[in-house]
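> give me the fold of what follows.
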Amino acid sequence: MSATDPETTSAAIDEDLDRIEREIDIEATAERVWQLVSEPGWYINDNAITEHRIDRDGDLSTVHDPVHGAFVFRTVELDEPRYAAFRWLADATDPDSESTLVEFWITDSGSGVTLRVVESGFASLSGSDAERRARFDGNVEGWKIELELARTHLTSGSDA
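The predicted structure is shown next:
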C-alpha cells in the first residue's frame with residue numbers, strides 16, 4: 001500500500017528533512033478521534049494501539065510502553081476536539097532536552113474526519129547528519145503505520 005494512495009494516506013516530506021506531514025480519512029466522529037490523539041504518545045506501540053501507563057507532572061507526561069520503554073512528552077496545546085500539540089523530548093531523563101513538535105488536526109470530511117499529523121524540528125536535533133536522517137526516515141515510515149493503526153482502531157468498535 002502506497003503512502004500517496006488517496007484512499008489510505010497522503011504525505012508531504014520536507015526536502016530539508018525537518019518536517020513530516022501525513023493525513024488519513026477516518027470514518028469516525030471528531031470526538032472519538034480526539035479521545036485517541038489527545039493522549040500523549042498514543043503512537044508508541046508495537047503494531048497495535050494499546051493503553052499505556054502515563055505519569056503526569058504538570059505539562060510533562062511520561063508514557064511507559066512495555067516493549068519500547070519510557071518516552072516523555074510536553075503538552076503544548078489541547079483544543080478539543082480539533083487540535084493537539086506535544087513536544088516529543090529526545091531525552092526521557094531531561095525535561096529540557098531538545099524535541100520535535102508533533103501536531104494533530106481533526107477536520108470534518110463529510111463521512112467522518114481527516115486526521116492530519118505534522119512532526120517538525122528534526123533539523124535542530126543534535127547528532128550527526130546520519131543520525132538525524134535515520135530518525136527522520138524512521139518517523140516517515142512510522143507515521144504511515146500509526147495513522148493506519150489509528151484508523152483500524154477507531155473504526156473497529158474498540159474503545160479509543
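> which regions of this protein lie under the pLDDT threshold?
Counting by pLDDT under 70, the chain contains low-confidence ranges at 1-15, 157-160.
> where do the helices sit along it?
If you assign secondary structure with DSSP state H, the helices in the chain sit at 30-37, 129-155.
> Ile24: which of those helices is closest?
When these are ranked by distance to Ile24, counting by CB to CB, first place goes to helix 129-155 at 4.3 Å. C-beta: built from backbone N, CA, C; applies to glycine.
> kindly calculate the angle that the closest one makes with helix 30-37.
Here helix 129-155 points in a direction 140 degrees away from that of helix 30-37 (axes from the mean of the first three to the mean of the last three CA atoms, to 10 degrees).
> which residue comes closest to the residue nearest to the spatial centre of the chain once chain neighbours are left out?
Relative to the mean C-alpha position of the chain, the nearest C-alpha, by CA atoms, centre = their mean, is the one of Tyr43, at 5.5 Å. Here the nearest residue to Tyr43 in space, its sequence neighbours aside, is Glu146; by CB to CB, 6 or more residues apart in numbering that works out to 4.2 Å.
> in stretch 30-49, what counts as buried?
In terms of neighbour count (16 or more other CB atoms under 10 Å), stretch 30-49 has its buried residues at 30, 32-45, 49.
> picking up where we left off before, distance to Gly121 for the helices of the chain - can I get that in a markdown table?
Compiled in a markdown table, these are given as follows (distance: least, CB to CB, whole Å):
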| stretch | distance to Gly121 |
| --- | --- |
| helix 30-37 | 19 |
| helix 129-155 | 10 |
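> ok, which of the ones you listed comes nearest Ser109?
Each of those has some distance to Ser109 by CB to CB; the shortest is helix 30-37, at 9.9 Å.
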